[in-house]
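> fold the following and give me the result.
(one chain, ligands or ions: 1)
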Amino acid sequence: MLNIILFGPPGAGKGTQSEKLIAKYKLLHLSTGDLLRSEIAANTPLGIEAKKFMDEGKLVPDEVVIGMIENKLEAHHDAAGFIFDGFPRTVAQAKALDELLAKHGHPITAMVAMEVPHVELVKRLVNRGLTSGRSDDTEEVINKRIDEYESKTRPVAKHYETQQKFSPINGIGEVEEVFDRIIEIINNAPIISL
Ligand code: ADP
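All right, here's what the predicted structure looks like:
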């Protein structure tokens, strides 16, 4: 079983690379951002609550996203593995994920961290905002999202570094080039079982 965390700041290209990884390794894609946006689209109480945080560029409370991930893990016991995209985003989420995987599946195989400089991130996201229709792709909210990443999400890297599962890659380059860097790490990662 392959359980990969694709890690990186907003605009690093996690969504694009996730799609390619899913096709190659037949993994299930768990993107908390996508899950939250479907709750918003369906106008559920969870979605209405989450939207307030998202529109301000803030993280949604841990218990909300952890609950969503737990439901998905329980519903897909038979998956070949998961690709976690945009989760875990706090150390508390990382600890909860480790516990959930110990209960429901296999541990994290590797965390691949896509590194892209701040100026490039803002450029990409402002550009995406022209067509994405996402209410959080405006310059003010983008900067807030990157601040949240620096203060709350970056420490998650340390958590997996301690477990010797952390691999940084350069997120600048053609989509295919970046993809090759990611698969090299996945193909060389030791398979760990519980
Ligand atoms: P991006 O990585 O480009 O910011 P996402 O779609 O991953 O986009 O996330 C959009 C927003 O959804 C975040 O700014 C945050 O408000 C919320 N969100 C997504 N995942 C999480 C998470 N794991 N914990 C808390 N909030 C989250």
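> looks to me like S167 is in a helix.
No: counting by DSSP: H, G, I helix; E, B strand; the rest coil, one finds S167 to be strand, located in no helix.
> contacting residues for it?
Counting by C-beta atoms under 8 Å, 6 or more residues apart in numbering, S167 touches 110-113, 185, 189. To be clear about C-beta, it is placed using only N, CA and C from the backbone, and glycine gets the same treatment.
> turn those residues into TSV, including neighbour count and pLDDT.
Formatted as TSV, those follow (neighbours: other C-beta atoms under 10 Å; pLDDT from 0 to 100):
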residue	neighbour count	pLDDT
A110	23	97
M111	25	98
V112	27	98
A113	22	98
I185	17	97
A189	17	93
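> any idea how far A96 lies from the ligand?
As judged by C-beta to the nearest ligand atom, to the nearest Å, A96 and the ligand stand 10 Å apart.
> could you report the neighbour count for that residue?
20 (other C-beta atoms under 10 Å).
> wait, it sits on I66?
Yes: when contacts are counted by C-beta atoms under 8 Å, A96 is listed as touching I66 (4.6 Å).
> low-confidence ranges in the chain?
For the chain, the stretches with pLDDT under 70 are 192-194.
> and the chain, which of its residues are near the ligand?
Residues of the chain lying close to the ligand (C-beta under 6 Å from any ligand atom) are 10-11, 32-33, 36, 53-54, 57-60, 65, 86-87, 89, 93, 136, 145.
> excluding its backbone neighbours, what's nearest I4?
Excluding its sequence neighbours, the residue lying closest to I4 (C-beta to C-beta, 6 or more residues apart in numbering) is I83, at 5.0 Å.
> doesn't the one you found belong to a helix?
No: per three-state DSSP, I83 lies outside any helix segment and is strand.
> who does it bridge with?
With beta bridges defined as DSSP bridges, I83 has these partners: I4, H29.
> surely it meets L27?
Yes: at 4.7 Å, I83 counts as touching L27 under the criterion of C-beta under 8 Å.
> got any residues that touch both of those two?
Common contacts of I83 and L27 (C-beta under 8 Å, 6+ apart): 4, 21.
> tell me the contacts of the residue of the chain found nearest the ligand?
The nearest approach of the chain to the ligand comes at G33, 1.9 Å away (C-beta to the nearest ligand atom). Residues near G33 by C-beta under 8 Å, 6+ apart: 85-86.
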